[in-house]
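A.B. asks: here are the coordinates; sequence isn't available:
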């Protein structure tokens with residue numbers, strides 16, 4: 001059973017990235033299931049930190065992007081979602097390739113949501129795991 005309250009698809013998600021940090025970092029939505037959203041991000045010069053490894057902040061941008069966009073499709077047109085808190089554990093260093101983030105809900109409530117976002121390398125190894133807490137607000 002789908003958790004989405006509004007129509008959601010890959011093309012729509014990728015259109016929302018135009019002229020944003022999401023586009024700047026090369027984040028591309030790749031899959032939507034009944035309860036998850038996935039996206040990829042390159043590991044290259046513009047996602048590196050000075051030592052030439054994937055910047056932890058870039059991983060957090062990918063995680064918050066996935067969790068926030070997913071959260072907003074879990075509420076009706078009268079509400080919107082914003083991040084309250086994010087926690088990231090950086091597990092593995094990467095210097096090149098592509099990472100894939102997968103966001104899945106842990107809690108979808110009336111006033112808050114909690115999302116788990118795991119980021120993996122091309123071999124399926126965990127690179128970063130994040131937990132994002134979302135505030136659900138009513139539009140005025």
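C.D. replies: Good, I have the coordinates. Keep in mind that this is a model prediction, so the values were computed, not measured.
A.B. asks: so what pairs up with residue 90 in the strands?
C.D. replies: Listed by DSSP bridges, the beta-bridge partners for residue 90 are residue 128.
A.B. asks: look up how far residue 103 lies from it.
C.D. replies: Computed as Cβ to Cβ, to the nearest Å, the residue 90 to residue 103 distance reads 17 Å. Glycine gets a C-beta too; all of them are placed from N, C-alpha and C.
A.B. asks: which one of those two has more residues nearby?
C.D. replies: Per other Cβ atoms under 10 Å, whichever of residue 90 and residue 103 has more neighbours is residue 103, with 26 against 16.
A.B. asks: quick check: mean pLDDT across the longest helix seen in the chain?
C.D. replies: Identified as the longest helix of the chain according to DSSP state H is helix 56-72. For helix 56-72, mean pLDDT rounds to 98.
A.B. asks: then stretch 31-47?
C.D. replies: 98.
A.B. asks: in this structure, which residue is most central in space?
C.D. replies: Among the residues of the chain, the one closest to the centroid is residue 66, at 1.8 Å (Cα atoms, centre = their mean).
A.B. asks: which parts of this protein are strands?
C.D. replies: Taking DSSP state E as the criterion, the chain carries its strands at 28-32, 37-43, 79-90, 97-108, 112-120, 126-138.
A.B. asks: distance of residue 55 from residue 64?
C.D. replies: 14 Å.
A.B. asks: the more surrounded of those two?
C.D. replies: Shown here are residue 55 and residue 64; by other Cβ under 10 Å, residue 64 has more neighbours (20 against 17).
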